[in-house]
Every structure is written in structure tokens, then in C-alpha cells.
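Enquirer: Just need the structure, nothing else, for what follows:
(chains A, B, C, D, E and F)
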4 protein chains.
Amino acid sequence: MASRGVNKVILVGNLGQDPETKYMPSGGAVTNISVATSDQWKDKQTGQPQERTEWHRVVFFNRIAEIAGEYLRKGSKVYIEGSLRTRKWQGQDGQDRYTTEIVCSEMQMLDSRGAGGDNNNYGQDNYNQNQNYGGNQPQGQPQAQPQQAPRQAPPQQQPQQPQQPAGGFDSFDDDIPF
Amino acid sequence: MASRGVNKVILVGNLGQDPETKYMPSGGAVTNISVATSDQWKDKQTGQPQERTEWHRVVFFNRIAEIAGEYLRKGSKVYIEGSLRTRKWQGQDGQDRYTTEIVCSEMQMLDSRGAGGDNNNYGQDNYNQNQNYGGNQPQGQPQAQPQQAPRQAPPQQQPQQPQQPAGGFDSFDDDIPF
Amino acid sequence: MASRGVNKVILVGNLGQDPETKYMPSGGAVTNISVATSDQWKDKQTGQPQERTEWHRVVFFNRIAEIAGEYLRKGSKVYIEGSLRTRKWQGQDGQDRYTTEIVCSEMQMLDSRGAGGDNNNYGQDNYNQNQNYGGNQPQGQPQAQPQQAPRQAPPQQQPQQPQQPAGGFDSFDDDIPF
Amino acid sequence: MASRGVNKVILVGNLGQDPETKYMPSGGAVTNISVATSDQWKDKQTGQPQERTEWHRVVFFNRIAEIAGEYLRKGSKVYIEGSLRTRKWQGQDGQDRYTTEIVCSEMQMLDSRGAGGDNNNYGQDNYNQNQNYGGNQPQGQPQAQPQQAPRQAPPQQQPQQPQQPAGGFDSFDDDIPF
DNA sequence: TTTT
DNA sequence: TTTT
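Expert: Below is the predicted model:
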């Protein structure tokens, strides 16, 4: 039932490594990527050019996770839109740790014709999980049914509409999360 | 099937007048509002404070149009997220005119407890037409079915999932559009 | 002195043609580009794929205008951040017309290694007119002084910090604005 | 020299507690706030309404830090625009920890006439650290010099243009950061 | 007028 | 036409 407040992130950057895709007990895919953005500036004193790279952990669920896992590669340039989520987890020392991720709701590949290291000529389509059809276009039509099946099928397929497990995301992620 | 490119607008501003809601032949609602944002600066020469108000035409379709028409009022402060759309229409002189609007996909009332003229204590919920359920939350569930019926029923109701007319938006808008 | 409200546009799209740069009496550059984004969807009835292209008029001022005019080309993919501005102008029939543009405050080239028609290997730097140095980085340092001079010098250069003419933007644009 | 990529966060939410302002050795202010956004949805199985609150750590530097510290209060509703930054710090056990924050570059108070617990009738102005003057308005003029001095002076004032300490942000923040 |  |  909607939300209160706005929690929105927009990134344009490059993947530091290939995506990692896992599958939830339900069969739903979960893909993680790491995206770099960088700030550059000249040092005031020395005039030397400086650079700081920021790494962003981005997570995709379900259909968009399959697409991300399939088409993105190390070096790919992407547009990411999503929301911030901070997860709590237990370190091996039993202490609480927190990890902040961007849960991606919309992704778009920005490489002209395959960039990264690999030769991926999947075009520059984008894949909206929650598509907004404005104006004259048909509205309210959910995007849940993938029209194009991803090339690699998930290990143990289940129903068409993968859902989150009752136990939540963490239930299959019993490891240090990054 | 998604989109190519990104076309996103984010506004926070106040309504200049009450919303106007019409209904399409299909029964779907269309609400228009006018939102003001302003820039302020000091004149470089004179040091005099300057202000320029920008008026934005925002249009809502279907369920979110009903909500906007119901809860927003002149003076209401809103958060609007949407996309730009430029419509072509015919002036009375037969010449082409163009109007650029923001097609709203997400709206949020920002008044603490009802603002505008009316006493509307509907809280500060927001209403996403295309809700993004990240993380552990259920996904893929369309928001098409209004849980709360709008106060004023549309003139001639039709199916539950109102659609755009075959002839497009303009077919019922035979007037100067603003 | 800041602003009231939020007026923000984010675009990712391709230029439909080469940029057009003019110079204001003050010497400041003004560059216009046209950016395409598109929505794609399947017709509900026929199942036929549909596409609608949206064209956005984007205008740059001063230094960022020089950069845009220099490095962007027809076909270039760009990230644009800016604000909406609707300008009123007089049609040849003496009637008022309105044109809505995005005034660009931040631009980023998204082509891997030069795109458009030309061979421009200027990398994928971005050019912020109003740079935000967060964290440990130096703040408050204006980006007004171009480090790299644009290739084509403006016709009649003036002071280092080009300003808007007293008469405003329109004073040198006495024609139909698009 | 700008940045490569886009790293942008937009939040609208309420402060969970009063802001905390510290001063860097240089005299520059640093203010931290905690902002809540929430997602609401109905459980698919039970139909029970669910809610998850997300807390965001937001940090302000220099002039905007003074304004945030001065005008925001517990409960205040704010619009925040900024960028993500993940900081590494040492836990008391000597292990590395990471904290992700939003470095705010633009803030806007959204309460009609003072909200939080306190009576703050400072209006709903916004304060841009990096103001974008589009169109006819003067450009390139940095916003570094505060026109209105904050009510509470920093402990040991220094030059007009507060800078980051040589040792960086962490040099005065020798504690667990949250 | 771009792009796929 | 709003808002401050």
C-alpha cells in the first residue's frame, strides 16, 4: 500500500565485476552488482588532480535480477534507479553489522553495443520492473510475466511469479553478505 | 515493454488552484493540476531580491487521478514524480500548438494534516501507481484495484480496469487544453 | 538565494541532431540540443509492439554550453540534469506561444569512446556547472573557470565570467525560438 | 573537475531526532540527521498491513550544516538531495566497519509553518549549497558566503570560507560514528 | 531529428 | 494560480 516519504537513488556508473546471481528457495533470482561512481577535483593547495571512487552495492530481485545477471558484465555502464535499504547481519564475532544497498527497481544498459570486457550485443534496452505507461498508452498492466526468457534457466524453477520466501531474503543468505 | 532512455521529473511545489478531474469514455479519470515552484536570487547589480515562479502542468490518469482529485486542493504542497510528455493540439486558428506536461506516476501529499482550503486529514500517505516492492516485500502485485473508493464516483463507470480510449486522450478533450 | 520547491528533470537519451550554439551579447554561450527518449509497450488488443518517442528541448548556458556545443554530436547519448522552464514568445501571428525546455545544470556524456558522427575521444567525463564536493573534498569552489578551453572560441569574447544580458535571454533571440 | 558517473539520492522524510552539529578544526560545521522513510504494503497471505521504516543517515557540511542544525528539529519533514558515501571506520574491536551516508547538497524544509516539537517559524525556504540559476538569472555566482548568519556562532570561528581539515573528516570523529 |  |  504505497509508502510514506521518498527514498530514491539514481546511479550511473560501471560494474566493477561480473554480476552474481543466486536463487531463493522460491525460485526467485537475486542478483548483486557493484557499481562505481567517482568524484574528481583539484586539490586546493597543490593543484593536483584528485579522485575518489565510490562503490555502490546494488541488488535486484526476480525478473530484473535475471536480466541483470544475464546482460550485465564487468565494465558495463548502467543507469540504476532504486531505493536505499540497510540490512542488519551478524558478523562472525556475533556482532551486528549493517550494510546499505540500493534495491534496483529500474535498470538500463548504457553501452552502445556491448562495452565491458565481454562481447555483449544485447542492445541498450532498459527493463523496468514497474513500468509507467503515461498518456495514451495502456496503463495498469503489470510487467510480471517475462516476455523473453533469460538464456540461463534458474536451477529449480517454480511458478511463473517467483515470490520472496516466507523467511525473507536472509533465510538463504547465511553468509557474510559482502 | 519498458522504455529506452530515462525521462524523469521530480517536483515539490504548491497547487495554484483546485484539481480538475474529467472522465474518459472508458470511465478512467484524468486529473490536471498546476504546480508552482520558484527560484529566488539577488540581482547582481542592485542586490534586490528577485523571484521567478515556474508553473508546471501535471496530469494524472486512472486511479491516481481519482486520488489527486479527491485529496489535493488549491495550496496543497505535493511531491510529484513523473515523465515529460509534449502534446500537439490545434489552436482555434488551426495552427499547431504544443503543450508540455508531467505525466505523474507517483504523488505524495506533503501537508502535515491537510492543507489547501479543506480540512482533509487523510494523513500523509503517498499513492504509487507503480509501486516498487523491494527486499522482503511482495512484488509484482499491481496497484490497479483501489482499496478505498473515491468519494465521487465517476459518471459512467465501466470495467474495473479503466483503459485509455481507442482514439487516445485527445478524443474527449476537444477544447483548448489549458 | 535558493529556491522554493523542487524543479528537477533527469534525462538519458540521444541527440537528434548536432548542438546549436549561439552567443549572447555578453559573450556567454547558449547551446540547444534535442534529446530523444522513448517508451515501448505492447498494444493490449493486438499485442503489437508500440513505440512513442519523446523529444526534449535542452538548453545550456555559459561554460557548460561551450562544452555541450563542443563535445556532443548527433546521436550522442547523454545524461542531463536540469530544471523545467517554460518560455513565452510571440508567434508570427502575434499570439502567445509557450515552449518548455530543460535548463541543464549537469551533463554527462555516456558514449564509451566518442559516439555521434565525429571522432571525439574526450572520454566520459562529466561537466558539472554546480559541483557538489561532499565529504573530505574541497567545497564551495566554483567551477566557473574552464580548465580546458573549448576548441572554437566564441565570436566576441568578453570577461571571463560571462553573464546574462541585462535584457534577458530573449533579447538576442528575436526569432521563433524553435 | 567534476565527476564521472551519477551518484544521486533524493529523500523526503521526517527527522527521528534533533540534528547534531559539530565543528571541524577548520571551523566548518558538520551536522548529522537521521531521516525516516517507510514502505507500506499488505501481506499477500494474511492481507495484514505491513510497514517497514528505513532510517537514513544524512550529513551536511559547512554553511548548509549550520542551517540544518539551526532550523531542523525532531519530526521535521525534509527534502534532501545528495550523494552516497560509504565511510570506513574502526570498531572498538579493531575491525573495519562501514557506514553509508547521504552527503546532502540541497535541503528543503517541508513543514508548513514549523513542525517538529519546537516552534520554528522559519518558513519553508530551501537552502541550496550549489544553486542552479537557469535562464535569465545570474549564473556562476557561488553561494559560499552566507547572507544570513546562523544564530549560534560556531565555537572557534575562522576564515569566512570554512574548509575541510587536512586530516579529513575522520580526524575529529574518533568515535563510533553512530 | 536520435537510438534499438 | 500557489507558497514564503
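
Enquirer: alpha carbons only for contacts and neighbour counts from here, please
Expert: OK.

Enquirer: what are the ranges of the strands in chain A?
Expert: All strands of chain A, identified by DSSP state E, fall at A:3-4, A:6-15, A:20-23, A:29-42, A:49-61, A:77-90, A:96-109, A:126-128.

Enquirer: As TSV, those with distance to D:Leu11 and mean pLDDT would be great.
Expert: Shown next, in TSV, are those (distance: least, C-alpha to C-alpha, whole Å; pLDDT from 0 to 100):
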stretch	distance to D:Leu11	mean pLDDT
strand A:3-4	11	82
strand A:6-15	5	98
strand A:20-23	28	98
strand A:29-42	20	93
strand A:49-61	17	95
strand A:77-90	10	97
strand A:96-109	13	97
strand A:126-128	21	44
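
Enquirer: Redo these as JSON lines? Include mean neighbour count.
Expert: Listed next are the strands of chain A as JSON lines, based on neighbours: other C-alpha atoms under 10 Å in any protein chain shown:
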{"stretch": "strand A:3-4", "mean neighbour count": "24"}
{"stretch": "strand A:6-15", "mean neighbour count": "23"}
{"stretch": "strand A:20-23", "mean neighbour count": "18"}
{"stretch": "strand A:29-42", "mean neighbour count": "21"}
{"stretch": "strand A:49-61", "mean neighbour count": "19"}
{"stretch": "strand A:77-90", "mean neighbour count": "20"}
{"stretch": "strand A:96-109", "mean neighbour count": "21"}
{"stretch": "strand A:126-128", "mean neighbour count": "21"}
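
Enquirer: Output those strands as TSV; include the columns distance to C:Gly28.
Expert: Formatted as TSV, the strands of chain A follow (distance: least, C-alpha to C-alpha, whole Å):
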stretch	distance to C:Gly28
strand A:3-4	44
strand A:6-15	30
strand A:20-23	49
strand A:29-42	24
strand A:49-61	27
strand A:77-90	32
strand A:96-109	35
strand A:126-128	37
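
Enquirer: Surely A:Phe61 and A:Gly28 touch.
Expert: Yes - judged on C-alpha atoms under 8 Å, A:Phe61 makes contact with A:Gly28 at a distance of 7.1 Å.

Enquirer: how about the closest residue in space to A:Val9 that isn't next to it in sequence, what does it touch?
Expert: Using C-alpha to C-alpha, 6 or more residues apart in numbering or on different chains and skipping residues adjacent in sequence, the residue nearest A:Val9 is D:Val9, 4.5 Å away. By C-alpha atoms under 8 Å, 6 or more residues apart in numbering or on different chains, the contact set of D:Val9 is A:7-10, D:80-84, D:102.

Enquirer: of all these, which comes closest to DNA strand F?
Expert: Relative to DNA strand F, the closest of those is D:Ile80; by C-alpha to the nearest atom of the strand it sits at 18.3 Å.

Enquirer: could you list every residue that touches the closest one?
Expert: Contacts of D:Ile80 (C-alpha under 8 Å, 6+ apart): D:9-12, D:104-108.

Enquirer: Check A:Ile33 too.
Expert: Neighbouring residues of A:Ile33 by C-alpha under 8 Å, 6+ apart: A:15-20, A:57-59.

Enquirer: Name the nearest of those relative to C:Gly69.
Expert: Nearest to C:Gly69 among the contacts of A:Ile33: A:Leu15, at 29.4 Å, using C-alpha to C-alpha.

Enquirer: if I look at A:Leu110, how far off is chain D?
Expert: With distances taken as C-alpha to the nearest C-alpha, to the nearest Å, A:Leu110 is found 12 Å from chain D.

Enquirer: Can you give me the pLDDT of that residue?
Expert: Listed pLDDT for A:Leu110 reads 96.

Enquirer: So what's the residue count around it?
Expert: Neighbour count for A:Leu110, taken as other C-alpha atoms under 10 Å in any protein chain shown: 28.

Enquirer: Wait, it touches A:Lys77, no?
Expert: Yes - contact criterion C-alpha under 8 Å: A:Leu110 and A:Lys77 qualify, at 5.3 Å.

Enquirer: Does A:Thr31 have any beta-bridge partners, and if so which?
Expert: Beta-bridge partners recorded for A:Thr31 (DSSP bridges): A:Thr21, A:Phe60.

Enquirer: thought it was touching A:Arg57?
Expert: No - contact status for A:Thr31 versus A:Arg57: not in contact, 10.5 Å apart, counting by C-alpha under 8 Å.

Enquirer: Could you see whether chain D lies near stretch A:81-89?
Expert: Yes - residues of stretch A:81-89 contacting chain D under C-alpha under 8 Å from any C-alpha of the partner chain: A:84-86.

Enquirer: How about the contacts made by A:Gln50?
Expert: Per C-alpha under 8 Å, 6+ apart, neighbours of A:Gln50: A:40-43.

Enquirer: Could you rerun that using 6 Å?
Expert: If you count contacts by C-alpha atoms under 6 Å, 6 or more residues apart in numbering or on different chains, A:Gln50 has them with A:40-42.

Enquirer: do A:Gln92 as well
Expert: Counting by C-alpha under 6 Å, 6+ apart, A:Gln92 touches no other residue.

Enquirer: roughly how far apart are it and DNA strand E?
Expert: For A:Gln92, the distance to DNA strand E equals 46 Å [C-alpha to the nearest atom of the strand, to the nearest Å].

Enquirer: what does A:Phe60 give?
Expert: For A:Phe60, the distance to DNA strand E - C-alpha to the nearest atom of the strand - is 23 Å.

Enquirer: same thing with A:Gln17?
Expert: 23 Å.

Enquirer: again, but for A:Gln40
Expert: Distance from A:Gln40 to DNA strand E, by C-alpha to the nearest atom of the strand: 29 Å.

Enquirer: Could you do A:Thr31 as well?
Expert: Separation of A:Thr31 from DNA strand E (C-alpha to the nearest atom of the strand): 24 Å.

Enquirer: Hmm, that residue is touching A:Met24, no?
Expert: No - using C-alpha atoms under 6 Å as the test, A:Thr31 is too far from A:Met24 to be in contact (10.6 Å).

Enquirer: Stretch A:39-46 spans what distance, first to last residue?
Expert: 17 Å (C-alpha to C-alpha, to the nearest Å).

Enquirer: is that stretch anywhere near chain C?
Expert: No - Stretch A:39-46 stays clear of chain C (C-alpha under 6 Å from any C-alpha of the partner chain), getting no nearer than 7.0 Å.

Enquirer: does any part of that stretch sit near chain D?
Expert: Yes - shown here: stretch A:39-46 in contact with chain D (C-alpha under 6 Å from any C-alpha) through A:39-41.

Enquirer: Tabulate those residues (JSON lines), appending distance to C:Glu66.
Expert: Formatted as JSON lines, those follow (distance: C-alpha to C-alpha, whole Å):
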{"residue": "A:Asp39", "distance to C:Glu66": "22"}
{"residue": "A:Gln40", "distance to C:Glu66": "20"}
{"residue": "A:Trp41", "distance to C:Glu66": "20"}
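
Enquirer: quick one: which of those is nearest to DNA strand F?
Expert: Nearest to DNA strand F, judged by C-alpha to the nearest atom of the strand, of the residues of stretch A:39-46 next to chain D is A:Asp39 at 34.3 Å.

Enquirer: what's the closest non-adjacent residue to the closest one?
Expert: In space, and not counting its chain neighbours, A:Asp39 is closest to D:Ser3: 4.1 Å by C-alpha to C-alpha, 6+ apart.

Enquirer: Surely the one you found touches A:Thr37?
Expert: No - using C-alpha under 6 Å, D:Ser3 is not in contact with A:Thr37, being 7.8 Å away.

Enquirer: isn't A:Gly5 right up against D:Gly13?
Expert: Yes - using C-alpha under 6 Å, A:Gly5 is in contact with D:Gly13, at 4.9 Å.

Enquirer: With that, I have no additional questions.
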